[in-house]
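Chemist: Sequence and predicted model, in that order:
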Amino acid sequence: MANTFGHLFRITTWGESHGGGVGVVVDGCPPRLELTEADIQPDLNRRRPGQSKIVSPRKESDTVQILSGTFEGKTLGTPISMWVKNEDARPEAYTEMATKFRPSHADYTYFAKFGIRAWPGGGRTSARETIGRVAAGAIAKKILRQSYGVEILAYVKQVQRIVADVNPETVKAHQIEASIVRCPDQPTAKKMIRLIEKMRKTGDSVGGIVEGVARGVPPGWGEPVFDRLEADLGKAMLSLPASKGFDIGSGFGGILMTGREHNDPFHANAGKVFTTSNRSGGIQGGISNGQPVFFRVAFKPVATVMHEQETVDEKFQNTKIKPRGRHDPCVLPRAVPMVEAMTALVLVDHALRQKAQCGEV
């Protein structure tokens, strides 16, 4: 079931970029959670296209509708179905893609696997599929916040070579949302915006890094050995469109340190265990240790650029293609709520699994 994610809190997304709409079915949400569309819409507004000058100009309201699973504003414990109508589909902008494969897109690989593909807008390979993830993630975030006191944030850490100075343990949501690029380091954010605008004007694209943090995660979440918390986070992030890398805590930078330098010393205070550093990124042995969980996700430059490129067609003949349509010059600002959503989906699933196996945390 490649379109389904999670164990006890399970989601299945559906829909294509230029079809009638996209959506998600959430199964395993606990009953009696107060839930309306107003809980979902803010995160979809942060994900939608057309929200600023540095993202895709496609005009979609991305208005969510809950079809099932609630009654009188509360969850029933039954499957929650949500959908968003596609309002601004323009398949005519993609007619050349009907027979030609765009470089570094999934056009060829979907064709190689299925022998058929929805070529308008890339079909299911489009980032519009993530609407379902973000909608489900909003529910997961509410459960985590209300039941466990967990706060999840993500922000743009780097655009190409421009790197922000941000402390994941103290960053605030209002600082992130103060900039259209969603970088809380405002002087650096301005530099990032200028670079992305330059890429847009020249018909090119640029990539970078989104950093995520979950604060308040209690010790004990994670299911070694194959469902380690960081392993599930890694799978979640690498399932996002355009993601190319994941690391956690010290990440790849840890190889430059010795073991003594890298270790996080334990201390106890008032019956609670904590560490004086957090190079482990809040996870040790695949299980949360009570410290903030923080990680980074690398996103490639958007594959669609407004320049002619070499490719092949469905008959495997060499040809050229010059894409049209509406595309992001940089996925990072809209990837922020996607990273938050996938983090929440992993954590709420592990929270429920911990409760089922070991009782209340």
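Modeler: Looks like it came in fine. Numbers count the residues shown, from 1 in each chain.
Chemist: so which helix or strand takes in residue 236?
Modeler: helix 229-238 (DSSP states H and E).
Chemist: cool, and residue 295?
Modeler: strand 293-299.
Chemist: How far does the very next helix or strand once past that strand sit from its chain's centre?
Modeler: Once the chain leaves strand 293-299, the next helix or strand it forms, by DSSP H and E, is strand 309-312. Here strand 309-312 shows a centroid-to-chain-centroid distance of 30 Å under the convention C-alpha atoms, centre = their mean, to the nearest Å.
Chemist: Could you do stretch 5-20 as well?
Modeler: Distance, stretch centre to chain centre, for stretch 5-20: 14 Å (C-alpha atoms, centre = their mean).
Chemist: Buried residues of it, list them for me.
Modeler: Within stretch 5-20, the residues scored as buried using 16 or more other C-beta atoms under 10 Å are 5-6, 8-19. The way it works is simple: take the backbone N, C-alpha and C, and place the C-beta from them, glycine included.
Chemist: Flag the shaky bits of the protein, pLDDT-wise.
Modeler: Applying pLDDT under 70 to the chain flags residues 1, 325, 360-361.
Chemist: Which residue of it lies farthest from its centroid?
Modeler: In terms of distance from the mean C-alpha position of the chain, residue 270 ranks first, at 36.7 Å (C-alpha atoms, centre = their mean).
Chemist: ok, that residue - contacts?
Modeler: Shown in contact with residue 270 (C-beta atoms under 8 Å, 6 or more residues apart in numbering): no residues.
Chemist: Same question for the one 4 residues further on.
Modeler: For residue 274, the contacting residues are 266-268, 290-291, by C-beta under 8 Å, 6+ apart.
Chemist: A strand includes it, no?
Modeler: Yes: under DSSP: H, G, I helix; E, B strand; the rest coil, residue 274 falls within a strand.
Chemist: returning to what we had before: show me what the helix holding residue 236 is packed up against.
Modeler: strand 243-248, strand 293-299, helix 332-358 (3 or more C-beta pairs under 8 Å, 6 or more residues apart in numbering; DSSP states H and E).
Chemist: what about these, which gets the closest to residue 126?
Modeler: Each of the helices and strands packed on helix 229-238 has some distance to residue 126 by C-beta to C-beta; the shortest is helix 332-358, at 12.2 Å.
Chemist: Got the phi and psi for the nearest residue to residue 328 once chain neighbours are set aside?
Modeler: Once flanking residues are discounted, residue 328 sits nearest to residue 56: 4.7 Å by C-beta to C-beta, 6 or more residues apart in numbering. With angles defined as degrees, to the nearest 10, residue 56 sits at phi -50, psi 140.
Chemist: And the helices in the protein?
Modeler: According to DSSP state H, the chain carries its helices in the segments 37-47, 107-114, 130-148, 173-177, 186-201, 229-238, 259-262, 332-358.
Chemist: orientation of the third one relative to helix 332-358 in degrees?
Modeler: Following axes from the mean of the first three to the mean of the last three C-alpha atoms, to 10 degrees, one obtains 50 degrees for the angle between helix 130-148 and helix 332-358.
Chemist: ok, now the second one?
Modeler: For the pair helix 107-114 and helix 332-358, the angle between their directions (the same axes, to 10 degrees) equals 40 degrees.
Chemist: buried sites along helix 107-114?
Modeler: 107-108, 110.
Chemist: which one among those gets closest to residue 227?
Modeler: Comparing the buried residues of helix 107-114 against residue 227 with C-beta to C-beta places residue 110 closest, at 28.4 Å.
Chemist: Tell me the spacing between the closest residue to the closest one other than its chain neighbours and residue 327.
Modeler: Once flanking residues are discounted, residue 110 sits nearest to residue 117: 4.5 Å by C-beta to C-beta, 6+ apart. Per C-beta to C-beta, to the nearest Å, residue 117 is found 18 Å from residue 327.
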